[in-house]
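**Q** What follows is a predicted structure for the sequence shown.
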Amino acid sequence: MSYRLHTGAAMATLSLAALPLAVHAQGADTNPGAAALDPVVVTAALAPQTANESLSSVTVLDEATLRRQDPTSLTDLFRGQPGVDVSTNGSFGKNSSVYLRGTGSGQNVLLIDGIRLRSATTGSAAFQYLDPRMFDRAEIVRGPRGSLYGADAVGGVIQLFTPEGEEEGPQPRFSIGGGSFDIQRLSAGISGREGGTRYSFASSHFNTDGQPIRRGGDNKGYDNTSALARVSHTFEEGTEIGVLALRARGNNEYDDGENDFVQQVAGIYGELAIMDNWRSRLTLSESRDESDNVADFGDSVFNTRVRTARWENTFSYGAHELIAGAEYQHDSIAGSDTGFGSYAEEARDNRAVFTQGLLDFAPLTLQASVRLDDNEAYGDEVTGSLAAGYAIDDVHTLRASYGTAFKAPTFNQLYYPGFSNPALEPESSATGEVGLRAQYTRWYWDLALYQSDIDNLIINVDTAGDGFVDTPQNVENARIRGAELSSGIELDAWTLQAALTYTDPENRDTGNRLRRRASESLRLDVDRELGDWTLGGSLVAQNHRYEDADNATRLGGYGLVNLRAGWAFAPMWTARVTVDNAFDKAYETAADYINAGRAAFLSVHFGQ
């Protein structure tokens, strides 16, 4: 179906543009109760800032949002957020890609409590295996962050946060539910604070018989069992130590086989107040992405580990901050077997130093950073960024930034037997952005315009012409232009969020759009409290995309409506009903892979 969104986009633009006028009519005083509209973010600058203070385009999905929407997957939560696109090879645990500003999953960084999670073979994170119930917050930072996080932070950074345990005393919680596609969900946890010690422990299980991945196929099941442990202690003098472990494992069925998977992050950190204006933090961590595959065309095993040591020092000088640090990262794929042979290389090291200055000369603020990476596989890379913000008045803040980033070729791209290209060059990018944010009493709106130029973009090309063997190649130049308009309101019992995104991801060598990216997207979330009840819904609409680099196979646009209701029927007890894809829309975001139709789900929760 051709779905241009022209009418919907125009209506959304007019609606969003009208928000500041409506707010202005109510006054522009500060309202401490509207903190959800101006949340604190830490990912954009390695330091806590409100969204209004940040010189970046940011979206925060808080605990209330996660609980209201109660998604079965993170991709359902991210789909249609400002600058975010999602492509999936089916539903319920099937391969998923999350695009930030037109850049692929391998061009973005996923962090869990500051620990990077990705596959060293594919270069991207397996979002589909992470249970949303293990997290209570997500920050989406759009724009290059190579100077802070190193390789792959071309389109942006997504950071997921696990519960810390802020409330005094133990706070137990559990939930149970089931629904369409024989879905069964169960979770339990306890968190709290005792003196200077905070803790959070949780586990969850998800199981479904699934649905066909392709038309005419059989149901393909998926199960996932996850566990979380997080403990930290703050001493009287301010020193803090903590540990984190998060593990997900399960089984996933495909048309041509199945796989057993493991996703895991573990880390330990210590933060010390060396002087009144100097804090030092050392983090040692490891992430694992493991997959044991049984398939008709051959079995394979992929075991990847990323071990990191990161040292950050924060110096405060009045309203100014200086952050300086170093990082060592070791990627390993020892024990992996592609089914077509072994990798020519199984490990590589990366060493980096970085620094950032946050300068506040109100109403002018500046952020500058630079990083040097030394990688044994592709040499040295220097990235940097410069951003400036100007508070026009108490409501409006203008920002502008320029930043560079790079993406390293993955082990698959360099060394996969029969499918790799050892001559690949790293991608490099430069991005310019201007934005304007208005922070009113009960409303906000944010507008951003950007352009990214990417040299040596890595894409897969069917060089053999058989429709099967894809070889990675460098594209000399790609350009991504875009605009994002988002807004939100919390007024009386209403909570509304809206986002309108335009993206033009172009291969400059051919003039074609990059594959599997929509160019127009609209998302609207509306929720209403009615005493003990909450009612809400989400609309996500996107226009067409192309399956292939030649733009020969077009996938039609679509519109999805998700509905939800909650009933607090007793103290600490809540029943929730969700109906995803309420109008049973048939749609594809990857050719020949069908997504789930209408899905109803009922759950009962204690404690949250």
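**A** Ah, there it is.

**Q** Can you tell me the centre-most residue of the chain?
**A** residue 158 (3.6 Å; CA atoms, centre = their mean).

**Q** ok, how many other residues are close to the closest residue in space to residue 242 that isn't next to it in sequence?
**A** Computed as CB to CB, 6 or more residues apart in numbering, the closest residue to residue 242 that is not its neighbour in sequence is residue 232, at 3.2 Å. The way it works is simple: take the backbone N, C-alpha and C, and place the C-beta from them, glycine included. Number of residues near residue 232 (other CB atoms under 10 Å) recorded here: 19.

**Q** Residue 232 touches residue 239, doesn't it?
**A** No. Taking CB atoms under 8 Å as the definition, residue 232 is not a contact partner of residue 239, at 11.1 Å.

**Q** Longest strand of this structure, counting residues only.
**A** Across the chain, the strand with the greatest residue count (assigned by DSSP state E) is strand 471-491.

**Q** Distance from the chain centre to stretch 109-116, please.
**A** 10 Å (CA atoms, centre = their mean, to the nearest Å).

**Q** Using PDB, list the CA coordinates for that stretch.
**A** The C-alpha trace of stretch 109-116 is given here as PDB (Å, rounded to 0.1, in the frame of the first residue of the first chain):
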ATOM      1  CA  VAL A 109      25.500   2.400  20.600                       C
ATOM      2  CA  LEU A 110      23.400   0.500  23.200                       C
ATOM      3  CA  LEU A 111      24.400   0.900  26.800                       C
ATOM      4  CA  ILE A 112      22.900  -0.800  29.800                       C
ATOM      5  CA  ASP A 113      23.800   1.200  33.000                       C
ATOM      6  CA  GLY A 114      26.800   2.500  31.100                       C
ATOM      7  CA  ILE A 115      28.000  -0.900  29.800                       C
ATOM      8  CA  ARG A 116      28.000  -1.400  26.100                       C
END
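
**Q** Quick check: buried residues in it?
**A** 109-116 (16 or more other CB atoms under 10 Å).

**Q** List the buried residues in stretch 422-437.
**A** 424, 426-429, 431, 433, 435, 437.

**Q** try stretch 324-336
**A** Those would be 325, 327, 329, 331-333, 336, for stretch 324-336 by 16+ other CB under 10 Å.

**Q** Out of the buried residues of stretch 422-437, list just those in strands.
**A** Going by DSSP E, the strands hold 427-429, 431, 433, 435, 437 from the buried residues of stretch 422-437.

**Q** residue boundaries of the strands in the stretch 251-400 of the chain?
**A** Along the stretch 251-400 of the chain, the stretches classed as strands by DSSP state E, counting those that start in this stretch are 257-275, 278-295, 300-317, 320-332, 347-361, 364-375, 379-391, 396-407.

**Q** Could you look over these and pick the most buried one?
**A** By mean neighbour count, with neighbours taken as mean count of other CB atoms under 10 Å, strand 396-407 ranks first of these at a mean of 21.

**Q** out of the strands of the stretch 251-400 of the chain, nearest to residue 60?
**A** Closest approach to residue 60 among the strands of the stretch 251-400 of the chain is made by strand 396-407 (16.6 Å; CB to CB).

**Q** between that closest one and strand 379-391, how many degrees?
**A** Interaxial angle, strand 396-407 versus strand 379-391 (axes from the mean of the first three to the mean of the last three CA atoms, to 10 degrees): 170 degrees.

**Q** quick one: strands adjacent to strand 396-407?
**A** strand 379-391 (antiparallel), strand 427-439 (antiparallel) (DSSP bridges).

**Q** And the ones you listed: which comes nearest residue 290?
**A** Distance to residue 290, taken as CB to CB, is lowest for strand 427-439 among those, at 26.4 Å.

**Q** Okay, now the unreliable bits of this structure?
**A** Scanning the chain with the threshold set as pLDDT under 70 gives 1-35, 462-469, 608.

**Q** Repeat the analysis, applying 50 as the threshold.
**A** Residue ranges of the chain with pLDDT under 50: 1-33.

**Q** export stretch 95-107 as CSV, just CAs?
**A** Coordinates of each C-alpha in stretch 95-107 appear next as CSV, following Å, rounded to 0.1, in the frame of the first residue of the first chain:
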residue,chain,number,x,y,z
ASN,A,95,15.9,-10.2,14.4
SER,A,96,15.3,-6.5,14.8
SER,A,97,17.2,-3.4,13.7
VAL,A,98,16.8,0.0,15.4
TYR,A,99,17.8,3.0,13.2
LEU,A,100,18.6,6.4,14.6
ARG,A,101,18.4,9.3,12.1
GLY,A,102,18.7,6.9,9.2
THR,A,103,21.8,5.1,10.4
GLY,A,104,21.7,1.3,10.9
SER,A,105,21.8,-0.6,14.1
GLY,A,106,25.6,-1.1,13.8
GLN,A,107,26.0,2.7,13.6
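
**Q** what does it contact?
**A** The contact list for stretch 95-107 (CB atoms under 8 Å, 6 or more residues apart in numbering) reads 73, 75, 78, 83-89, 108, 122-128, 140, 142-143, 152, 154-156, 158, 407, 410, 427, 450, 452, 454, 480, 482, 503-505, 514, 516-517.

**Q** Show me how to select, in PyMOL, the buried members of those.
**A** Per 16+ other CB under 10 Å, the buried members of those correspond to this PyMOL selection:
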select buried, resi 73+75+78+83+84+85+86+87+88+89+108+122+123+124+125+126+127+128+140+142+143+152+154+155+156+158+407+410+427+450+452+454+480+482+503+504+505+514+516+517
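
**Q** ok, residue 346 - how many residues close by?
**A** Neighbours of residue 346 using other CB under 10 Å come to 16.

**Q** before we move on, the earlier item: how about the residue nearest to the centre of the chain, what does it touch?
**A** Taking CB under 8 Å, 6+ apart as the test, what residue 158 contacts is 78, 98, 100, 108-111, 138-141.

**Q** quick one, phi psi at it?
**A** phi -110, psi 130 (degrees, to the nearest 10).

**Q** What of residue 196?
**A** Torsion angles, degrees, to the nearest 10, at residue 196: phi -90, psi 0.
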